[in-house]
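> structural data only, the sequence is not supplied:
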């Protein structure tokens, strides 16, 4: 699941990846660290984990925005990404 995003400024063409099956305890900075450890410190432009409006709890999924080349590498790796004991989808 990817959406091409174009933004103003110097950012390279990027793809926002939907990351499903997150632990409800996973924080955006942990998601960022997980992907930058795998794909390099320049591989993640932004991470976001939506929360429930009423409780502030994670909704169990998030988004990682990566430059095209890194996103394609992540998608084509065929690697199972496991975080907090869960396989990310």
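Received, thanks. None of these values were measured; they are calculated from a predicted model.
> next up, phi/psi of residue 75, please.
When read as degrees, to the nearest 10, the backbone of residue 75 gives phi -70, psi -40.
> ok, residue 42 next?
Torsion angles, degrees, to the nearest 10, at residue 42: phi -90, psi 10.
> next one: it from residue 71, what distance?
With distances taken as Cβ to Cβ, to the nearest Å, residue 42 is found 12 Å from residue 71. No exception for glycine: its C-beta is placed from N, CA and C like everyone else's.
> helix, strand, or coil at residue 12?
coil (DSSP: H, G, I helix; E, B strand; the rest coil).
> the more surrounded of residue 42 and residue 71?
residue 71 (23 against 11; other Cβ atoms under 10 Å).
> which SS state does the closest residue to that one other than its chain neighbours fall under?
Spatial nearest neighbour of residue 71, chain neighbours left out: residue 15 (3.8 Å); criterion: Cβ to Cβ, 6 or more residues apart in numbering. Of the three states, residue 15 takes strand under three-state DSSP.
> what bridges to residue 15?
Beta-bridge partners of residue 15, counted by DSSP bridges, are residue 4, residue 66.
> and the gap between it and residue 73?
11 Å.
> those two - which one has more neighbours?
residue 15 (21 against 16).
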